[in-house]
Structure formats: structure tokens, C-alpha cells
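Asks: Just to be clear, the model below is a prediction. Sequence and coordinates:
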Amino acid sequence: MLNIGIILGSIRAGSLGETILDYWQKQTPNTADVTYHWLKLRDFPLAPYHHDETPLSQRIQDLQENESRWLETLAKMDGFVFVSPEYDHALTGAFKNALDYVGPETDHKPVQIVTYSSYSDGGMLAAANMVGILQMLQMIVLPTPVLLWNAGDNFAADGTLKDHPNSAHFANRLAEATHDITFYSQLLKDHPYEPINH
């Protein structure tokens, strides 16, 4: 069974991102082979990273329950979609903080970036900002992010797409994102990365 985590990096209740996830989840049923886990970062309330350890090189000691639950959830996934609005030309501060906790849990797992904005750039700078962070975490970043621009004009509160010129394009891009992350997650699960032994 393949497990894919689709994680919303906004912690605002009732955010545009929740509306996008609601639509996307309705279009993406689980199958006999794949379970999609629709996760919201606000369900994992994390304090600003304060541990002495550097997670990429040292396992964190004295984890709180919610911190352990966050890392254990990531470890169970075979691939990811990270969904974020753009805040000041970057991913959200809460999402960056959550990634600061991450060590081996996401190592050499694929990730698709999806960003959204109420403006015309679709979160392009947030998507670019995420690439370096995810590569530092040794994740396999898929090459083409999904950018949802003027997204508030396209996604209705009931989890449907409005009749709008961009809507068909957004529906196609989200379907492609699901297909791509499923394909690469299965490929890497079947052929896991093995480091050279020195």
C-alpha cells in the first residue's frame, strides 16, 4: 500500500487552502493500492523550533507528543504534496518551522509543490523558496510546481470549482499533480535509494 501525504501549510482556520484541499480530495479517491492522507498543519501545533539537536544529523531528544506525532506521520508517508500560500514572497512561517523539525523522516522521498495566491503570481516565489529547503532535507523535488493564481476566484467554499476561465486549467494541474506524485512515490518505494558504502 502506497501512502501519500498532502499537507496544507497554512494554519488559518477557514483558509483558501482548505477550500482547495476540499475540492481536490473530492476528485481524488483512495484506491486499492494508494491511500491519500489529507493533512492540515494546524492539527500539529508546534512551538518554534527550540531543541539543541540539528535534526538532519542528530535525533531530537525530549520530543513533545505533538512533535513526535508530526514526525511519525511524515515517516509513514512514501511521498508528499506540500501546499502553501505565499506570505511575503515565501512559504508560511509555520510551515518553515514545521520543516525545521524534520530529519530522516522525508529522506529521498518525492515531493510535489503546490502554491496558491489571491493575486496573479500564484505563489511563484513561495514555490521557489520551498525548493532549497526541501532539497536540504534530501527530498526529491518534482520539477514543475503547481501554481494557482487568483485562486479565490476559482474555488467555492463548498469545495467545487466555479465557472471561471482558469478553472479547467487548475483542475487539470491538480489531477496531474496527483498522477505525478503517485507515479514517483511508487517508483521510489519499489526502488529505494541506497547510499554508497564507504
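Replies: Now that the structure is in, tell me what you want to look at. Residues are numbered from 1 along each chain as shown.
Asks: what kind of secondary structure is the residue nearest to the spatial centre of the chain in?
Replies: Closest residue to the average C-alpha location of the chain: F82 at 1.3 Å, with C-alpha atoms, centre = their mean. Assigned with DSSP: H, G, I helix; E, B strand; the rest coil, F82 falls in the strand class.
Asks: ok, residues contacting stretch 137-145?
Replies: Applying C-beta atoms under 8 Å, 6 or more residues apart in numbering, the contact partners of stretch 137-145 are 56, 80, 99, 102, 106-115, 127, 131, 134-135, 180-181, 184, 188. Bear in mind the C-beta positions are built from the backbone N, C-alpha and C, glycine included.
Asks: where in the protein is pLDDT low?
Replies: Per-residue confidence for the chain (pLDDT under 70) gives these ranges: 198.
Asks: residues of the longest helix along it that come out buried?
Replies: Ordering each helix of the chain by length in residues (DSSP state H) puts helix 167-190 first. Residues of helix 167-190 classed as buried: F170, R173, L174, A177, T178, D180, I181, T182, Y184, S185, Q186, L188 (neighbour count, 16 or more other C-beta atoms under 10 Å).
Asks: was I right about the last one contacting F80?
Replies: No. Using C-beta atoms under 8 Å, L188 is not in contact with F80, being 11.6 Å away.
Asks: Common neighbours of those two, please.
Replies: Contacts common to L188 and F80, judged by C-beta under 8 Å, 6+ apart, are K109, P110.
Asks: The closest residue in space to I113 that isn't next to it in sequence and D158: what is the separation?
Replies: Among residues not flanking I113 along the chain, P145 sits closest, at 4.1 Å (C-beta to C-beta, 6 or more residues apart in numbering). The gap separating P145 from D158 is 26 Å, by C-beta to C-beta, to the nearest Å.
Asks: all helices for this structure, in order.
Replies: Secondary structure of the chain (DSSP H): helices at 16-27, 65-75, 93-100, 124-136, 167-190.
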